[in-house]
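Peer 1: Requesting a structural model of the entry that follows:
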Amino acid sequence: MAAKFQVMIWDTLERSKGKAGHLVQILISGLIVLNVLAVVFGTLPSIQSSFGRELEIFEVFSVVIFTLEYLARLISCSADPRYGDFPGGLFRFVRSPMSLIDILAVAPFYLPLAGFDLRALRALRLLRMLWILKLGHYYSSILLIRNVLRSRKDELMMSSVLMGTLLVISSSIMYYCENEAQPELFSSIPATMWWGVTTLTTVGYGDMCPVTVAGKVWASIISVIGIGMFALPAGILGAGFVDEIKNARSGGRICPHCGKNTDNPV
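Peer 2: Down below sits the predicted model:
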């Protein structure tokens, strides 16, 4: 009897089976969206002064709902073969990415009960924005991002190393070009890295600009290199999204639970 009850809860919450599952999916998704809007607009002084009390009540209500939802998942996770063995399966569920997101999202509400510093709580409450990632429980399109990052992790790591190396080299050379002329701005290599970031990303805030001939020449070279170098991650991610979408349209679907293609789960 208990096992059937666990399967029913797991199918409703995790697999969105039946009318109850679809209803829960709609309600939880709507509550997540409303919470994100509440966090965003709650930072407006006018909204905070007029509806501060209402926002706090809504936050408490949401935390209670999401806490109950997480506890229900925790109790019923053994219905999934991945978490069937106790206690190992339970620990694997708690360590899963979506479970950690659920914990981080509600943790700030309970921290004061443990004597946590309330002055830091205001910043931690922004972790409620993580609730938008909970939509990954219900929508495979959210998990598409995770699949792309997972499939392209090697290429992204390589491009990150290249960008980091270029940032250090370009900032070091610019430091030696500009330090004597502008010791206040280019005071050290770490300080010059801010110039490197804004230049390589082609943002160019203009708060740190070279004035020497050598510095201007080097800045020109780095600006041109940056256009191509920092376009690498965008190209890698773009190719990854195209591949994942093609895989999903080639007869299979992305599983909203494991994030794998149903036709090729390996």
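
Peer 1: distance of the residue nearest to residue 86 when sequence neighbours are not counted from residue 11?
Peer 2: The shortest distance from residue 86 to any residue other than its chain neighbours is 6.5 Å, reached at residue 78 (Cβ to Cβ, 6 or more residues apart in numbering). Just so you know, the C-beta spots here come from the backbone N, C-alpha and C atoms, and that holds for glycine as well. Using Cβ to Cβ, to the nearest Å, one gets 13 Å for the distance from residue 78 to residue 11.

Peer 1: before we move on, what about residue 90?
Peer 2: With distances taken as Cβ to Cβ, residue 90 is found 19 Å from residue 11.

Peer 1: cool, residue 19 as well?
Peer 2: Computed with Cβ to Cβ, the distance linking residue 19 and residue 11 is 12 Å.

Peer 1: Neighbour count for the two, which is higher?
Peer 2: Set side by side, residue 19 and residue 11 give different neighbour counts by other Cβ atoms under 10 Å, the larger being at residue 11 (17 against 8).

Peer 1: which element is the more buried one on?
Peer 2: helix 2-13 (DSSP states H and E).

Peer 1: what does residue 148 give?
Peer 2: Assigned by DSSP H and E, residue 148 belongs to helix 140-151.

Peer 1: Downstream of that helix, the next helix or strand is which one?
Peer 2: Once the chain leaves helix 140-151, the next helix or strand it forms, by DSSP H and E, is helix 153-178.

Peer 1: Report the buried residues of that next one.
Peer 2: Taking 16 or more other Cβ atoms under 10 Å as the neighbour-count basis, helix 153-178 is seen to contain the buried residues 155-156, 159, 163, 166-167, 170-171, 173-175, 177-178.

Peer 1: do the same with stretch 79-91
Peer 2: Buried, per 16+ other Cβ under 10 Å, within stretch 79-91: 79, 80, 83, 89, 90.

Peer 1: Same check on stretch 213-222?
Peer 2: Of the residues in stretch 213-222, those buried by neighbour count under the rule 16+ other Cβ under 10 Å are 215, 218, 219, 222.
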